[in-house]
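1. One predicted model, sequence on top.
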Amino acid sequence: MTDRLLCVLDHPTQYDPPLWRAMERSCEVKPHVLYLRSTAPDDPEIEQAVGWQGDTNSYLTQSVALSDIADSIVSLTPRPLAVLTAGWTRPSTVQAMLGSRRAGIPVIQPSDKTLNERSPTGLARTALTVFHASRIRSVQGFFTTGLLGTNALRSIGASAEHIVPGLYPIDVNHWQTQRAAFRSRSLSYRQTLGGKFIVLAVSKWSERENPLQVVDAFAELLLTCPESRLVYVGDGPLRDRVRRRIKARKLEPFVTLPGYVPYDELPLYYGCADVFVHAPECEPWGISVLEAMASSVPVIANTTVGAAADLVIPGITGDLSYAGSSSSLAAALRRMHTWMEHRPLGANALERVRRFDVHKAAENLQDLCWKLTSGKPAHDDFSKILISDLRNAFGRWPT
């Protein structure tokens, strides 16, 4: 009899179908996925529909009505080892947790929360910590991003034994295959750019993604590295401000703006880059960092990017900069320009990102399902959480 992980989700994203396929192909625990809808909604930040690869032919999927979720879990045969459901306030999550409780099945909650998000101060922050610590007691296991996600869950009492990384993984072999398939097109595109040091950014042009820091940093880089070129893939509500800033700083000959690019075409741009830049004000994870590194491209990321804590090692796999500081980002770009001549940054980046490969994430999730059958406590005592929080200057979530 096959062990199953039941996944109850609103719709497919670019992150989860590769994970379910990896579990189906290489794990003893197989995914059984219930979707409320078969396609993702429009993305409001880029103001258009986004199409993700969502092949469901290689693993078990079903469509389910919201009102049927709880009953479906209770009546499911064979009984799954665990139920994974995302979000706290979504109706589908509420129904999945109700059904899981009725059936006595442990719940796994994905979480990308980090400690660098803004929060109240003083006693209000302590109250928020206690609130989160109370809320997570309805969950037995946690599937998070990496170091910062784990620290956030530990800070509100989740047991380290019941937390595994791998949320938002990357299929490294897929990106390497795509890099090879796009190689001739990428080389041709690079030649049209006319530069020797190609800087790539891929993001939504929104306040959170901070595209103006990238433009201003590149303008500073040009002062000492005139052979540099910037390719900035993206679109969003700040498009007019981005274009005005490029014009004001007389960067038009050095900057290429392809606009929104379909997901399947991104390997073309990763393949032509010397360095990838990701500079949001706050980013719990940053999947584009993993995509670039899986394409053998070193990364400069702001310290506010969650993936940077696990993947970006200055001088080894890339470099770090500070949010809001174009001078900091420009300095990192200049260092990268120098390092590229004699350090294997791309190869190092590829090796580092393999720890977040989709097959590793699938194994982690399988291990968590097995751990949940042990019946060990999933949370620290409330007294321990509260005392630790009060000792840490009324809270552990800094502003």
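-> That came through, no problem. Because the structure is predicted, anything quoted here is derived from the model rather than measured.

2. For the chain, which segments are assigned as strands?
-> Here the chain has its strands, by DSSP state E, at 3-9, 29-35, 60-63, 82-85, 107-111, 141-144, 163-165, 197-202, 228-233, 255-259, 275-278, 299-302, 318-321.

3. how about those in CSV, adding distance to Asn173 and mean neighbour count?
-> (Each C-beta comes from the backbone N, C-alpha and C, glycine too.) CSV is the format used below for those (distance: least, C-beta to C-beta, whole Å; neighbours: other C-beta atoms under 10 Å):
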stretch, distance to Asn173, mean neighbour count
strand 3-9, 23, 23
strand 29-35, 19, 21
strand 60-63, 23, 14
strand 82-85, 24, 26
strand 107-111, 23, 23
strand 141-144, 22, 25
strand 163-165, 19, 21
strand 197-202, 21, 24
strand 228-233, 23, 22
strand 255-259, 26, 17
strand 275-278, 19, 27
strand 299-302, 19, 29
strand 318-321, 21, 26
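
4. Do me a favour and get the end-to-end distance for stretch 305-315?
-> Terminal residues of stretch 305-315 are spaced 18 Å apart (C-alpha to C-alpha, to the nearest Å).

5. And it, how far out from the chain middle?
-> For stretch 305-315, the gap between its own C-alpha mean and the chain's C-alpha mean amounts to 13 Å (C-alpha atoms, centre = their mean, to the nearest Å).

6. Equivalent analysis for stretch 148-158, please.
-> 17 Å.

7. Let me see the mean pLDDT of it.
-> Averaged across stretch 148-158, pLDDT comes to 89.

8. re earlier: by mean pLDDT, show me the worst of the strands of the chain.
-> The minimum mean pLDDT among these belongs to strand 60-63 (a mean of 89).

9. Tell me where the stretch 201-350 of the chain has helices.
-> Taking DSSP state H, counting those that start in this stretch as the test, the helices found in the stretch 201-350 of the chain are 211-224, 239-248, 266-270, 287-294, 306-311, 326-339, 345-353.

10. Select, out of the ones you listed, the one closest to Ala158.
-> helix 306-311 (16.8 Å; C-beta to C-beta).

11. follow-up on the earlier one: now the strands of the chain as JSON lines including distance to Trp175?
-> Formatted as JSON lines, these follow (distance: least, C-beta to C-beta, whole Å):
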{"stretch": "strand 3-9", "distance to Trp175": "24"}
{"stretch": "strand 29-35", "distance to Trp175": "22"}
{"stretch": "strand 60-63", "distance to Trp175": "24"}
{"stretch": "strand 82-85", "distance to Trp175": "25"}
{"stretch": "strand 107-111", "distance to Trp175": "22"}
{"stretch": "strand 141-144", "distance to Trp175": "22"}
{"stretch": "strand 163-165", "distance to Trp175": "19"}
{"stretch": "strand 197-202", "distance to Trp175": "13"}
{"stretch": "strand 228-233", "distance to Trp175": "16"}
{"stretch": "strand 255-259", "distance to Trp175": "19"}
{"stretch": "strand 275-278", "distance to Trp175": "12"}
{"stretch": "strand 299-302", "distance to Trp175": "13"}
{"stretch": "strand 318-321", "distance to Trp175": "16"}
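
12. Identify the residues contacting stretch 255-262?
-> 46, 48, 51, 193, 202, 215, 218, 229-235, 242-243, 246, 268-269 (C-beta atoms under 8 Å, 6 or more residues apart in numbering).

13. switch to 6 Å and redo it
-> By C-beta atoms under 6 Å, 6 or more residues apart in numbering, the list of residues contacting stretch 255-262 from outside reads 46, 230-233, 235, 246.

14. Tell me, how many residues neighbour the residue nearest to Thr114 when sequence neighbours are not counted?
-> Using C-beta to C-beta, 6 or more residues apart in numbering and skipping the chain neighbours, the partner closest in space to Thr114 is Leu148 (4.1 Å). Close neighbours of Leu148, defined as other C-beta atoms under 10 Å, add up to 23.

15. from what I can see Leu148 touches Ala307, true?
-> No. With contact defined as C-beta atoms under 6 Å, Leu148 does not reach Ala307; the gap is 8.8 Å.

16. And the closest residue to Ala349 other than its chain neighbours, how far from Arg179?
-> Spatial nearest neighbour of Ala349, chain neighbours left out: Met293 (4.0 Å); criterion: C-beta to C-beta, 6+ apart. Remark: distance between Met293 and Arg179 (C-beta to C-beta, to the nearest Å) = 12 Å.

17. Those two - which one has more neighbours?
-> Met293 (31 against 19).

18. Quick check, pLDDT for the more buried one.
-> Looking at Met293, its pLDDT is 98.

19. Hmm, it is touching Val353, no?
-> Yes. Contact criterion C-beta under 6 Å: Met293 and Val353 qualify, at 3.9 Å.

20. neighbouring contacts of stretch 244-251?
-> With C-beta under 6 Å, 6+ apart as the contact definition, stretch 244-251 has outside contacts at 212, 215, 219, 255.

21. doesn't Ala332 make contact with Asp319?
-> Yes. With contact defined as C-beta under 6 Å, Asp319 reaches Ala332; the gap is 4.2 Å.

22. joint contacts of the two?
-> Here Asp319 and Ala332 have Ile300 as joint contacts, going by C-beta under 6 Å, 6+ apart.

23. and the gap between His174 and Pro17?
-> Separation of His174 from Pro17 (C-beta to C-beta): 12 Å.
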